[in-house]
Structures are given as C-alpha cells and as structure tokens.
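Participant: Can you look at this prediction? I've put the sequence above it.
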Amino acid sequence: MFDWRWEFVWQILPRLLEATGNTLLAAGFGYVIALVLGLVFALAQRSHFKPLTFATRETVEFIRSTPLVLQIFFVFYVGPQFGIMLSPWTAGMIAIGLHYASYLSEVYRAGIDSVPKGQWEAAMSLSLGPVRTYSKIIIPQAIPTAFAGMGNYLVGIFKDTPMLSVIGVAELMHTANSIGSEYYRFLEPYTMVGIIFLLISLPTASLLRRTEDRIRKKIGLRSR
Amino acid sequence: MKTLTKDYPLQLSGDDSPIVRFQNVTKRYGELVVLDALDLDVAEGEMVTIIGPSGSGKTTVLRMLMALEKIDDGVIYVNGEPMTHMEKNGALVRASKKHLRQQRTNIGMCFQHFNLFPHMTALENCIEAPIQVLGLSKKEACQRAEELLDMVGMLEKCHEHPARLSGGQKQRVAIARSLAMRPKVMLFDEVTSALDPEVIGEVTQVIRKLVAKHNLTMLMVTHQMGFAKEISDRVCFFFDGKIEEQGSSSQLFDNPQKERTQQFLSAVLEAG
Amino acid sequence: MSYVEFLTEFGPRLVDGTITTAQQTILAAAVAILIAVAAGLMRLSHNRLIYGAATVYIEIFRGTSLLVQLYWIFFVLPLFGLTLDKFTAGFMAVGMNLGAYGAELVRGGILSVPKGQWEAALALNMSPAKRMIRIIFPQAILNMLPPWGNLLIELLKGTALVALISVTDLMFEAKQINGSTFLSAQVFGTALIIYYLMARCLITPFMRWLERIMARKLGRI
C-alpha cells in the first residue's frame, strides 16, 4: 500500500528539476507582464476620462471573477479560430499576465488609497505640484502597503503556473503528468511536485515579509 | 456655482483693505450647510481665534481658506486678490489649479494631526517645498529650515524621522515646515487637540513667540479658551456655520452679549 | 453556425455543467468554512501542539498549488487506501485549499475584536466557550465577511480545476464542446460569462445581504 521508492525519485528528479526551471521562468515572465500591465490598468482607472475608467474597471472585474484555467483555454484556442496561432508559452503568458495584472492594479490602487488624506492636504498646503506630490510624497508611502500585495501575488503566480500544463507548457505539473503516465506511478512525481512547491514558496514568502519590514524601517515608517 | 449672484470686486484696493476677506462664502456637504454666507475680514498682522461647538464650521473656515476643498458660493480674497476665483475678461471665474497653487503660497497651515511626511526627516520635511515650489537652492533652504527649527527648539532633532518624535515635537516641526514657505497668513487648525496635556505648552509657547516677534496674520481654531483669551486680537464665536458673535478677547470672554455665546462659554468653563 | 443556433444546440449541456459547478461550489464552501473555523481557532490556541498542527496544515495548503493538491488527493490518496470518487475529491480539494486561506481570515477576524470585549466577558465570569460563541464570534463575523466574499469568488474559480479530473462541471463541458466543434470563442466566451454572472450576480449580492443581516443583528445600522 504505502510504497515509496527512493530509486524512482532519484531517477525522475533531473526531469523534475529541469521542469522547475520552466516553472520559474513562466512565473517570472508572467509576473513582469502583470507588473507593467497592472500599472497601466491602475492609471487608466484613475484617469479623468470617464469611459476609460469605466471600461478598465469592468475589464478588471471580469478578469478577476473568472477562472484562470478557462482564460488560458480561451486565449490558446480563440486565436487560431481567427487565424492567429499562439504557442502554448505565448498564450499562457498572455493569460496569466492579464489575470495577475488585474490583481496587481488593485494592489497599486490600495497602496495609493492607504496614504492618509492628511498627506495630500499637507502637500497641497505647501503648494507642491501633482508630479512632485505623487513621486515624493504619495508613492514612497504607498510602496510598503503595495509591497505586501505584490509579494503575495508573486508567490500566487508561481503557484498558478501548473495550470499552464493544460495547454502543454512543459512546466512541473505537465512533467509530473508525463512521468505518471509513462511509469504508471503517481505517488512520487505528485508528491515531489508538492514538495518542490513548498520548498520554493515558503522561503520566498518569509523573505518577502522580512523585506517588507526592512522597507518600512528604511523609509521611517513604523513596522507593523 | 455657475454664475456669481452678487457683485464681487475684481480686486481689493486701498490701504485699509484686509489681507483675508471671506465674502458671502457658502459651503455645503450635500444637504448640510457648513458655512452659511460667511463674511469675515482679517487685517494684516491680526490674530483671530475661532471658537464654537463642534460642527459649527470653524475648521471648515480654515480648510476653505487653504483651498483644500471648493466653496459653493462666494469669493475668498487673499492679499487683495481673489483666491477661489480669478479674473477673466473682466469677470471672476473659478480659479484654475495653477492659480490656486500660486495663491496657496501666501498661506501656511498647521493641522491637528501634524501631517508630517513620515518618510522624511524633520529637516527634509522643511526643505521639500521651499526647494520644489519656491525654487530655493538646497543650501538656502537648509539654512532657512535650520533657523526655523532652531526657533521652535527642534534643531537638535532635525535629522530624526517623525516616528521618533513626540506629538509636541512633531507639531513644532510642522509649524517650522509651514513657516519655511514664508506665508503671509498662518492657519492653526486645533494644533493642540491631539496632544498630551503636558506637551501642549511647548506648542503654545511657539505660537506666542510668533505673535510677539513676527508681524504674521494668523487664524486659529482652538478649544483652549485660556490661550485664546490671552493671545487673540479678536475672537469669533461660530454657531451653525455663521459668526454668532465676535469681538476683542476681553469683550467676548468677559462680557458676551448673545445667549448662545454665554451658554457655550459657561459649558466649556464648567468642563474646565 | 450563428450564436443562437450554438446556444440551442449546446445550451443544455452548459446548463448541466453550471449546475454541477454550483454544487461543487456550495459543497466546497461548506468544507472550507468548517476547516477555516477549526484551523482559525486552533491557530489562537496556547497549546503548541494544536497551534502547530493548524500551522502545518495552513502552510502546506497555501504553499502548494490547488491543482497539485487536487491530483494528489485523487491519484495518490487511493494508494493509502482512501479512494474518493472524482466528485467528492473535487469539492474536498477545493474546500481544503480555500479553508487554509479562510483560517487566517477567521483568526484575523477574532483578533480584530477589541481587547475590552474579552475583558468585559471575563469580568462577567463567562466560560471560555460562552465568551467565544456569545460575545466574540458575532463581532468577528461582521469584520470578516467582506474578505470572505472575495474568498468565495476564488473558491468558485477554483472549482473550474475539477474538470481536470473529469468532474462534468461547466469548465469540463466547455472543453468537451470545444473539442468537438472548435467554436472556441463561443463556447469559452459563454463559459466565462456564466462564471462572471455567478460571481457578480449571485455570490457578491448574497454576501452583501449577509453583511446587512449581520450588521442589523449587531445594531450597527
């Protein structure tokens, strides 16, 4: 019943580690897309042009409320229907980048909203202009708040990369599936995937928490 | 406000023209009228204190003068020029952001909760706007800030972040920060309300010094009746968005005429 | 094929899938709430064993992917003699995963009740259980309802993964229809819209309603 085979683990470990590289690559690429696109969404939502604000907010809501795995299928299969062929990697990066951009836009927004009203008023009473107010007063204070959310979603995007296996991106989950169907053994590959995820996400999360505290201290805010 | 219903001068002229004039200023929050057609003149160098029950619109007066929010009717003049409005083709129109920003440099404000920038040291708080807005060199700005921090007794702590300062110390830095802009009018919005009793004195001492040594025009909202009586040239008692009664501090505190003023003062004195 | 024809032909299958998704969501939510309350309370315990057990559970489920957990529960657990059918494995995995996130909300909600309330209950000589149930929990629930609204939407989205172990939910039907017709935009687009409507027109209003009821009970409105 309980039949854990170490020699099988050593046999498949190189393949799993290689796939881990792909997983990290996918998470990294997707995150960069999400960081940039998220900022675009956030700024569009603060624009004074009402239709743009409205359209962006609804899009963000829609993306946030629907399953990523379905979005991955959508991006991958809808392209060819209109003659645009996307590789699994490209489609996956678009889908995961868009999905997390909608989360990150909220993080940016919450960061800016977390700066007390009095700070805006103090800046106003000193006649500071809008660019200066944002760059020197508001954004430096928004970063600690936003950083926590940004960190959470970095770990989140990493944990969501297994969904890319559904369109054949050769990341960890996909590799574990192949190994499982080749050898008819699922215990070791799936367990190893779980352990690899834990070994990466737990230290990353704690590192991010410590960095957040350091940022707070560095800019003279009390740590939480 | 689309059209101005009354006649407002494009400029205040004459030697005796006030440095601050509220003319028919109205502010509403939805249904609630916070300032009701307020007229108020403040002469150059005058120290005017505003007292009254909470919700009477006292703080709103200062916030409108700092142009932190828009007014719904009327015009505020500062230094002879309209502040909330500007001239365009011989008529007054609502001030542009640029006009507001320029006019705000005449006015300094200290807040109940200090609103120091937490990520900057005391000195950095004081030099940020002089460099960015007035275009001072860093050296000039530092020199000016150090003088002012010395004046408020905070020079030794000038490299500390606000989180490491007590409430009284923060408020003194905030006063120095506003003064560094060389405003013509200073506004004090309940600057001692958030402080522990034992440090109130260090802040009032700074304000006393300002009154004695500088010819600054000041508007102050406060709950400290003793301090108001001692320091004010004129005291305005606000009730329901209007000035119910005003006069010299001895007049208003020792011989109030209106019933509401008497009630308020006796209630406040009762509470000690 | 026009969109109307598409809907007439495949609508019933999408409706069937939607019903399964709704069932999965409700069952998974029940599992998640039970686990969240249990693990959240355990995380407040001074007993290190109880605290440690909850912490390990939470870290494992939050540290790995829902998809990994789902496959593990469905494919690996049978090797330990515990075989779940795919429907049960589906909502259990989703519920256990989101329960780990919910535990932190429960813990935070309880900690957000002011200390004075604990002291007042203590001063009235209430037993620990009474104190928690009668005084602390009702106030904590109101504080944690808004984040639970978001969590339930995450949970709904999470159920889409059960399609990958062949539970015939909305996602599964969409995939099947796509496979046989290649009308990808129509079928995946429709499925996305159904998920969106379930989140925005069922879960969100339901949570708002619950918040109002709780606020009224506590006399806050």
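Facilitator: Ah, there it is.
Participant: The spatially most central residue of chain A: helix or strand, and which one exactly?
Facilitator: Among the residues of chain A, the one closest to the centroid is residue A:157, at 3.6 Å (CA atoms, centre = their mean). Using DSSP states H and E, residue A:157 sits in helix A:139-160.
Participant: Now residue B:191: phi and psi?
Facilitator: phi -70, psi -20 (degrees, to the nearest 10).
Participant: can you tell me which residues contact it?
Facilitator: B:110, B:111, B:112, B:171, B:174, B:175, B:203, B:207, B:220, B:222 (CB atoms under 8 Å, 6 or more residues apart in numbering or on different chains). Where you see a C-beta, it was placed from the backbone N, CA and C, and this is true even at glycine.
Participant: Which of these fall within helices?
Facilitator: B:171, B:174, B:175, B:203, B:207 (DSSP state H).
Participant: Is it correct that the fourth one is in contact with residue B:192?
Facilitator: Yes. Taking CB atoms under 8 Å as the contact criterion, residue B:203 and residue B:192 are neighbours in contact, 5.6 Å apart.
Participant: Establish whether stretch B:141-159 and chain A are in contact.
Facilitator: No. Using CB under 8 Å from any CB of the partner chain, stretch B:141-159 stays clear of chain A, coming no nearer than 11.0 Å.
Participant: Residue A:58: neighbour count?
Facilitator: Around residue A:58 there are 10 other residues, counting by other CB atoms under 10 Å in any protein chain shown.
Participant: which residues touch the residue nearest to the centre of chain A?
Facilitator: Per CB under 8 Å, 6+ apart, neighbours of residue A:157: A:27, A:30, A:31, A:34, A:96, A:100.
Participant: In a strand, the last one, correct?
Facilitator: No. Looking at residue A:100 with DSSP: H, G, I helix; E, B strand; the rest coil, it is helix, so not inside a strand.
Participant: Tell me which residues touch it, please.
Facilitator: Contacts of residue A:100 by CB under 8 Å, 6+ apart are A:30, A:31, A:33, A:34, A:38, A:153, A:156, A:157.
Participant: Just the element for the closest residue to it other than its chain neighbours, please.
Facilitator: Leaving aside its chain neighbours, residue A:100 sits nearest to residue A:34 (3.6 Å; criterion: CB to CB, 6 or more residues apart in numbering or on different chains). Residue A:34 belongs to helix A:6-45 when assigned by DSSP H and E.
Participant: Which elements pack onto that helix?
Facilitator: Contact here means 3 or more CB pairs under 8 Å, 6 or more residues apart in numbering or on different chains; DSSP states H and E; on that basis helix A:6-45 packs against helix A:50-65, helix A:88-113, helix A:139-160, helix A:172-183, helix A:187-218.
Participant: from the chain's centre, how far out does that helix sit?
Facilitator: Helix A:6-45 has its C-alpha centroid displaced from the chain centroid by 9 Å (CA atoms, centre = their mean, to the nearest Å).
Participant: quick one: buried residues of it?
Facilitator: A:8, A:12, A:15-16, A:19-20, A:22-23, A:26-27, A:29-31, A:33-35, A:37-38, A:41-42, A:44-45 (16 or more other CB atoms under 10 Å in any protein chain shown).
Participant: re earlier: can you list residues touching both of residue B:203 and residue B:192?
Facilitator: By CB under 8 Å, 6+ apart, the residues touching both residue B:203 and residue B:192 are residue B:171.
Participant: Could you work out the end-to-end span of stretch C:130-143 for me?
Facilitator: 19 Å (CA to CA, to the nearest Å).
Participant: who touches that stretch?
Facilitator: By CB under 8 Å, 6+ apart, stretch C:130-143 touches C:41, C:106, C:108-110, C:112-113, C:117-118, C:120-122, C:126, C:211, C:214-215, C:217-218, C:220.
Participant: again, only using 7 Å
Facilitator: C:109, C:110, C:112, C:113, C:117, C:118, C:121, C:126, C:214, C:215, C:218 (CB atoms under 7 Å, 6 or more residues apart in numbering or on different chains).
Participant: Buried residues of it, list them for me.
Facilitator: C:131, C:132, C:135, C:136, C:137, C:139, C:140, C:141, C:142, C:143.
Participant: how about the closest residue to residue B:217 other than its chain neighbours, what does it touch?
Facilitator: Excluding the flanking residues, the one nearest residue B:217 by CB to CB, 6+ apart is residue B:185, at 4.6 Å. For residue B:185, the contacting residues are B:19, B:20, B:78, B:106, B:107, B:217, B:219, by CB under 7 Å, 6+ apart.
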